[in-house]
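Chemist: Task: produce atomic coordinates for the following.
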Amino acid sequence: MTAHTDTTPAATPDPRRQPRDFLEHLYRAAVRRALPLHTTAPFLPAPPRGRTLVLGAGKAGGAMAQAVEALWPADAPLSGLVVTRYGHTPPRPAGLPQRIEVVEASHPVPDAAGLAAAERIMALTQGLTADDLVLCLISGGGSALLTLPADGLTLADKQRINRELLESGADIAQMNCVRKHLSRIKGGRLATACAPARVVTLTISDVPGDDPSVIASGPTVADATTCADALAILARYGIDVPPAVRAALESGALETPKPGDARLAGHAVHMIATPQQSLEAAAAAARAAGIEAHILSDEIEGESREVGRVHAALARAVARRGQPFARPCVILSGGETTVTVKKQPEGTPRGRGGRAGEFCMGLAEALQGQADVWALAADTDGIDGVEANAGAFVTPDVLARAHAAGLKLPAYLSRNDACGFFEPLGDLFTTGPTHTNVNDFRALLVL
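Modeler: Predicted structure coming up:
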């Protein structure tokens, strides 16, 4: 599958004869709905009297920049810089001139390239006037890609803190609260640096609730969280910061711009794609094939494996008793689950996998080989954690095939090793970067 280049709907696979292909078809529909070229035009402002500067960060950054280039008037000035994840810059369409520079950096742990990009972005804000427009393109992943450590923090400090947050089980709002207060660009600071220019933010949501202050740690949006909140989260998960930084947090010296800040007056934020819209697109694709679809929620959070077990209980009830939904049907959900990485004995290989794979392991274990239940869980950006796969399939015979191959699911769950479990079974789902990101996609087909 090449979701980043194939935007034309394919023929719908028969869900009864080709259940895996049908689930992939629903995923394609969800991703297609969130592609920037399809969603940007209604939200573009008119060119200003002055110049238009485009700044941005996120996994969809390259595709968002190309959409703006394609839609912006050819005779209107346009320039800027956007940072995206390595390998996530889409192929440039023939004949489309490049007016916005796109650079790549590391995700989910920041690197020197992301630091350099953030420094350049902040430098570009110098000299802006009230006649100028800053168009900010923000999508998920921007927290890591747009890294500019607060005074007293080094890049190595930020890398360590990021790793510990990612493995702690903290949810995305908690992680981004900390990130905002340890940054010189997040939490509304990029927008205040653009004053007195007008700022219009176009954003693709990858967070439960679609809160723009959480997406990419809200570099252009006022922040209601506080230094005290950040300290409480660091304490809860046992994450250390240098003494000088702790003192700055305790004194409030690292506080972010708050709602009502005059420097943010007149700024606008437009949500151009959301998880709910993508789930509705998948539901419409299912119904077009004669399969009823039910969207549980686009805001589901919690430990990935436990969320998988809850989904399994629901699917088993549908398969066995036709409750609460009649079969055949598709059960859809989104959101952002978490994986608390368990410490392993010295010398134990580190598990490979992300939220989607962990969900699938919990789902498979709890389904207990339930007949007529098929599932796909995948990240809509095409990357599950840091691996090459987007997610994984669960089939009615997955446990039987695993047993025949000598794979013991509890052992793989204990070390968070979804890739190690699903890869030898041929059940990994690999798409490559999709160039958008509306977070987790989960579809259970009950026949």
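Chemist: what about the strands in the stretch 151-300 of the chain?
Modeler: Ranges of strands within the stretch 151-300 of the chain are 198-204, 268-273, 292-295, based on DSSP state E, counting those that start in this stretch.
Chemist: Pairing partners for the first one, with directions?
Modeler: To tie it back to what came earlier, the one meant is strand 198-204. Partner strands for strand 198-204, per DSSP bridges, with pairing direction: strand 133-139 (parallel), strand 268-273 (parallel).
Chemist: same thing with the shortest one?
Modeler: Strand partners for strand 292-295, identified by DSSP bridges, are recorded as strand 329-335 (parallel).
Chemist: Please export the C-alpha coordinates of the partner strand as CSV.
Modeler: Only the C-alpha atoms of strand 329-335 are listed here, as CSV (Å, rounded to 0.1, in the frame of the first residue of the first chain):
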residue,chain,number,x,y,z
CYS,A,329,-20.7,-5.0,11.5
VAL,A,330,-17.5,-2.9,11.8
ILE,A,331,-16.5,-1.4,15.1
LEU,A,332,-14.3,1.7,14.8
SER,A,333,-12.4,3.7,17.3
GLY,A,334,-9.6,6.2,17.6
GLY,A,335,-7.7,8.2,20.1
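Chemist: returning to that earlier point: which one of the strands paired with strand 198-204 is the most hemmed in?
Modeler: strand 133-139 (a mean of 28; mean count of other Cβ atoms under 10 Å). The way it works is simple: take the backbone N, C-alpha and C, and place the C-beta from them, glycine included.
Chemist: Now that strand: average pLDDT?
Modeler: In this model, strand 133-139 has an average pLDDT of 98.
Chemist: Tally up the residues packed near Val438, please.
Modeler: 30 (other Cβ atoms under 10 Å).
Chemist: do the one 4 residues further on as well
Modeler: Using other Cβ under 10 Å, Arg442 has 28 neighbouring residues.
Chemist: For it, list the residues it contacts.
Modeler: 311, 332-334, 356, 359, 375-377 (Cβ atoms under 8 Å, 6 or more residues apart in numbering).
Chemist: now do Pro212
Modeler: Applying Cβ under 8 Å, 6+ apart, the residues near Pro212 are 138, 201, 203, 205, 218, 221, 269, 271.
Chemist: quick one: which of the residues you listed is nearest to Arg160?
Modeler: Checking these against Arg160 by Cβ to Cβ gives Gly218 as the nearest, at 22.8 Å.
Chemist: Throw the strands of the stretch 151-300 of the chain into TSV and include mean pLDDT, thanks.
Modeler: Shown next, in TSV, are these (pLDDT from 0 to 100):
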stretch	mean pLDDT
strand 198-204	98
strand 268-273	98
strand 292-295	98
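Chemist: Now render those as CSV, adding distance to Glu69.
Modeler: Formatted as CSV, the strands of the stretch 151-300 of the chain follow (distance: least, Cβ to Cβ, whole Å):
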stretch, distance to Glu69
strand 198-204, 13
strand 268-273, 15
strand 292-295, 34
